[in-house]
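Student: Here is my input, please return the structure:
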Amino acid sequence: MLLFSFRGCAAPLILSLAPLLLSCNDTAGTLHLSIVTAPNSDLMARASQIRLTLSDPKTVRVVDKQGGGFALDLDLTVAAQRATLRIEALDAASQVLAWGETPPLVLGPITADLAVFIAPAQTFATAPVAFASARSQMGVAGLSFGVLFVGGVDASGSARDDVTIYNAFTHAFQIGKSLPQPRVGPTVAANGTKYAYIVGGDDPAHAPAVSGWLYDTGVAPNGAYFDLSATLPAPLGQLALPLAATGTNRFVLSGPMAGVLDGATLRETAIAPAIGVPAQGATVISASVNAYFVGDRGAASAIVKVDAAGLASELPDIPSLHRTGHAVVARGADLLIVGGGATANLASSIVKVDTATMTATSFDAVLSPPRRGAAVALADGGRWLVVAGGTDATDSGPGTVLQTADVFDAATMMRVATVPLAHARTAASATTLANGQILLAGGVDATGAPIAELELFTPTER
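Tutor: Residues are numbered from 1 along each chain as shown. Have a look, this model is predicted:
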């Protein structure tokens, strides 16, 4: 346990379902910082020293192991500045064995327990917590302080009403209020506020759901729901990330009646002109101020753009995107289309689409092996593209569920590593945490059983 004392003006520190707001005063605060590793890891046994780096005010301390552990008491005067705390485990030769850091936080007179998960760079390691009931087909959304997991289906095939948050400041679970109704495969969106929108998916009878909810995480003790079924058409499709710049409260709904949801009024207006967007099989992504649907519509790819005014346009066909089972992530104004394939063939390429010019660049023969159903996310502020798990199945056979992840330089699409996963899994989710790590969760194994364990990818140090 490492102990920090801070004196200065307090500011928000997100450690619960909603931001914890403190007033400004001159009292002292203490942060208790724990170091956590993968279960059964021997990293701390092999570490001879711990190096702690506080980003602002720039402070570096090296602590020797004493009595089988590490302890540090650091007293600082701060002025409510944003900072991160980095932990590096060093061996006897002062080489870095593993590292990790907190998400950005605002220092001040606040008392809280924090944890930093450390692991070797460019590796996946089992997270320190696992779902009490293994489930797949969850709704997933990134929050400013972690990842929200909603619903899903368990090993018996039953729909779940579980709501769980992985907190990136503590690397522990917080349990949210159960859904009003179990839901399989809902779409969940959040935009940095205390609200999350839950729509679509299947009901307990595995029929298209006809209701959705606004989830207010700020209502004690574990949130509250507001029914959206009176204001939104049903069944609902997928939900995009915020339509305009970060912090807005407008989202795009897919489906035959695609529209824009105003999160303040909870009403939807149709996109214009009316363009049908498949509720299933379409990948929804936002880049810059626009939302894009990248799916497969028969022999031609379907790319639909919706701008901040709710105006829609169908973009020119790109033959290299004629695929299914792919994933899409946004990196700046670029869309990165990863994996998947067409009919009997899997694509080993990654296609980068410049949304300003709608030109496509194909990086061929980079996935090893080609895969569909992979979990894809960007680590360390978009520096690394991580493609985890999936299957090498084609139309001619079930294929193999993969237990590897490819790591690419996201600027050049050069593969820099292929690393093992703790579990072979497909149809999982990958979400970037605010500290630059990636949280891998859910999915199923080779038998089709859901996986309870989560995994964390730790990138190289900056």
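
Student: Not counting its neighbours along the chain, what's nearest A209?
Tutor: Of all residues not flanking A209 in the chain, D203 sits nearest, at 4.7 Å (Cβ to Cβ, 6 or more residues apart in numbering). Using the backbone N, CA and C atoms, a C-beta is placed for each residue, glycine as well.

Student: The stretch 251-400 of the chain: strands as residue ranges?
Tutor: Counting by DSSP state E, counting those that start in this stretch, the stretch 251-400 of the chain has these strands, from start to end: 259-262, 267-270, 283-287, 290-297, 300-306, 312-314, 327-331, 334-338, 341-342, 345-346, 350-354, 359-363, 375-379, 384-388.

Student: ranking those strands by burial, who's on top?
Tutor: Sort the strands of the stretch 251-400 of the chain by mean neighbour count, taking mean count of other Cβ atoms under 10 Å, and strand 384-388 sits at the top with a mean of 26.

Student: Put the alpha carbons of it into PDB.
Tutor: Provided in PDB are the C-alpha atoms of strand 384-388 (Å, rounded to 0.1, in the frame of the first residue of the first chain):
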ATOM      1  CA  TRP A 384      -1.900   0.900 -30.800                       C
ATOM      2  CA  LEU A 385      -4.700  -1.000 -32.600                       C
ATOM      3  CA  VAL A 386      -5.500  -4.300 -30.800                       C
ATOM      4  CA  VAL A 387      -7.400  -7.100 -32.500                       C
ATOM      5  CA  ALA A 388      -8.200  -9.800 -29.900                       C
END
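
Student: didn't K177 look like it was pressed against N222?
Tutor: Yes: contact criterion Cβ atoms under 8 Å: K177 and N222 qualify, at 4.5 Å.

Student: Which neighbours do those two have in common?
Tutor: Counting by Cβ atoms under 8 Å, 6 or more residues apart in numbering, K177 and N222 have no common neighbour.

Student: ok so, going back, I'd like to know which of the strands of the stretch 251-400 of the chain lies nearest to E101.
Tutor: E101 sits nearest to strand 375-379 of all those, at 12.8 Å, using Cβ to Cβ.

Student: what angle separates that closest one from strand 334-338?
Tutor: When axes from the mean of the first three to the mean of the last three Cα atoms, to 10 degrees is applied, the directions of strand 375-379 and strand 334-338 differ by 140 degrees.

Student: could I have stretch 180-200 exported to CSV, CA atoms only?
Tutor: Output of stretch 180-200 as CSV, limited to C-alpha atoms (Å, rounded to 0.1, in the frame of the first residue of the first chain):
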residue,chain,number,x,y,z
PRO,A,180,-36.4,-3.4,-15.3
GLN,A,181,-36.4,-6.4,-17.7
PRO,A,182,-33.7,-8.9,-18.6
ARG,A,183,-32.2,-8.0,-22.0
VAL,A,184,-29.9,-9.8,-24.4
GLY,A,185,-27.6,-7.8,-26.6
PRO,A,186,-28.8,-4.3,-25.9
THR,A,187,-27.1,-1.3,-27.3
VAL,A,188,-25.7,1.0,-24.6
ALA,A,189,-24.4,4.5,-25.1
ALA,A,190,-22.9,7.1,-22.7
ASN,A,191,-21.2,10.4,-23.4
GLY,A,192,-19.3,11.3,-20.3
THR,A,193,-22.3,12.4,-18.2
LYS,A,194,-24.0,10.4,-15.5
TYR,A,195,-26.5,9.1,-18.0
ALA,A,196,-26.5,6.0,-20.1
TYR,A,197,-29.1,5.0,-22.8
ILE,A,198,-30.1,1.4,-23.1
VAL,A,199,-32.1,0.3,-26.2
GLY,A,200,-32.7,-2.6,-28.5
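
Student: What average pLDDT does that stretch get?
Tutor: Stretch 180-200 comes out with an average pLDDT of 86.

Student: Could you pull out the buried residues of that stretch?
Tutor: Within stretch 180-200, the residues that qualify as buried are 182-191, 193-200, counting by 16 or more other Cβ atoms under 10 Å.

Student: same thing with stretch 417-434?
Tutor: So, applying 16+ other Cβ under 10 Å, buried residues of stretch 417-434: 419, 421-434.

Student: for those, which one is nearest D364?
Tutor: V419 (22.0 Å).

Student: just to revisit the earlier point, can the strands of the stretch 251-400 of the chain go into TSV with extra columns for mean pLDDT and distance to V444?
Tutor: Below are the strands of the stretch 251-400 of the chain laid out as TSV (pLDDT from 0 to 100; distance: least, Cβ to Cβ, whole Å):
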stretch	mean pLDDT	distance to V444
strand 259-262	80	30
strand 267-270	80	33
strand 283-287	70	20
strand 290-297	73	22
strand 300-306	70	27
strand 312-314	82	34
strand 327-331	89	16
strand 334-338	91	20
strand 341-342	75	19
strand 345-346	84	19
strand 350-354	91	24
strand 359-363	90	29
strand 375-379	96	12
strand 384-388	98	14
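
Student: Can you say which of those strands is nearest to T102?
Tutor: Comparing those against T102 with Cβ to Cβ, the closest turns out to be strand 375-379 (15.9 Å).

Student: if I read this right, the residue nearest to A209 contacts G151, doesn't it?
Tutor: No: with contacts counted by Cβ under 8 Å, D203 stays clear of G151, the gap being 10.2 Å.

Student: Which neighbours do those two have in common?
Tutor: With Cβ under 8 Å, 6+ apart as the test, D203 and G151 both reach 159, 182-184.

Student: And those residues, which two are furthest apart?
Tutor: The largest separation in these, counting by Cβ to Cβ, is between P182 and V184 at 7.4 Å.

Student: Please measure how far the first residue of stretch 316-336 sits from its last one.
Tutor: 17 Å (Cα to Cα, to the nearest Å).

Student: ranges for the helices of the chain?
Tutor: In the chain, the helices defined using DSSP state H lie at 43-46.

Student: Centre of it to the edge, which residue is at the far end?
Tutor: Ranking residues of the chain by C-alpha distance from their mean position (Cα atoms, centre = their mean) puts G67 at the top, at 38.0 Å.

Student: distance of that one from T37?
Tutor: Using Cβ to Cβ, to the nearest Å, we find G67 at a distance of 19 Å from T37.

Student: do G152 as well
Tutor: To T37, G152 is 27 Å away according to Cβ to Cβ.

Student: Neighbour count for the two, which is higher?
Tutor: G152 (28 against 22; other Cβ atoms under 10 Å).
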